[in-house]
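In: Here is my input; please provide its structure:
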Amino acid sequence: MFELCDFYSCCKQRNIDVILYTGIPHPGATIRDGDYYAIFLDFSKIRSTKLLKGVCSHELGHAATGALHKVVSPFELVERSEYRANRWAAEHFLPVSEFREAFAAGYTELWQLSEYFDLPEEDVKNALVYWTERRGMDLSLNTNS
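Out: Sure, this is the predicted structure:
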């Protein structure tokens, strides 16, 4: 399960700066200059710890995969970068085993899973879609896939 300490530890290990900055178009953004990465967070757009955790895990996915795009990139490049960042976040912070544990504890609705993982519903949905539709995983409790 993703915790903010995971974000900061990962940033420290990868030498990624975390910069608080007001005025970016989204709650978070990742930039690269050569091999140097920085994640910008706009706390004026981040209204909860749950959203902060979602933004941090997603932006870390951008930095970890190098999946970045220019502001004026065609739609296809933006979507490809977003997909890669979401995929990385799912693989590292919402693995199949975590979903099985949540289901075993009785959390089955998207809003319940969001509360259980303390992540935004959209992030949980992205991970569910990735595991079930893209990877073909069966998230039921009686399988070893």
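In: pLDDT weak spots in the protein?
Out: Counting by pLDDT under 70, the chain contains low-confidence ranges at 141-145.
In: And the residue nearest to the spatial centre of the chain, how far from residue 51?
Out: For the chain, the residue whose C-alpha lies nearest the mean C-alpha position (C-alpha atoms, centre = their mean) is residue 58; its distance is 3.0 Å. Counting by C-beta to C-beta, to the nearest Å, the separation of residue 58 from residue 51 is 11 Å. For glycine as for every other residue, the C-beta is placed from the backbone atoms N, C-alpha and C.
In: Show me what counts as buried in the top helix by length along the chain.
Out: When the chain is parsed with DSSP state H, its longest helix is helix 75-93. Along helix 75-93, these residues count as buried under the neighbour rule (16 or more other C-beta atoms under 10 Å): 81-91, 93.
In: chain center to that helix: distance?
Out: 8 Å (C-alpha atoms, centre = their mean, to the nearest Å).
In: what's the next secondary structure element after that helix?
Out: Beyond helix 75-93 on the C-terminal side, the first helix or strand identified by DSSP states H and E is helix 96-104.
In: Let's see the next helix or strand after that next one as CSV, backbone CA atoms only.
Out: Taking DSSP H and E as the definition, the helix or strand that follows helix 96-104 towards the C-terminus is helix 110-117. Provided in CSV are the C-alpha atoms of helix 110-117 (Å, rounded to 0.1, in the frame of the first residue of the first chain):
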residue,chain,number,x,y,z
LEU,A,110,-14.7,1.4,-6.0
TRP,A,111,-15.4,3.9,-3.3
GLN,A,112,-14.6,1.3,-0.6
LEU,A,113,-11.4,0.4,-2.3
SER,A,114,-10.5,4.1,-2.5
GLU,A,115,-11.0,4.4,1.3
TYR,A,116,-9.1,1.2,2.0
PHE,A,117,-6.1,2.2,-0.1
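In: just checking, what packs against helix 110-117?
Out: Taking 3 or more C-beta pairs under 8 Å, 6 or more residues apart in numbering; DSSP states H and E as the contact definition, the neighbouring helices and strands of helix 110-117 are helix 96-104, helix 121-129.
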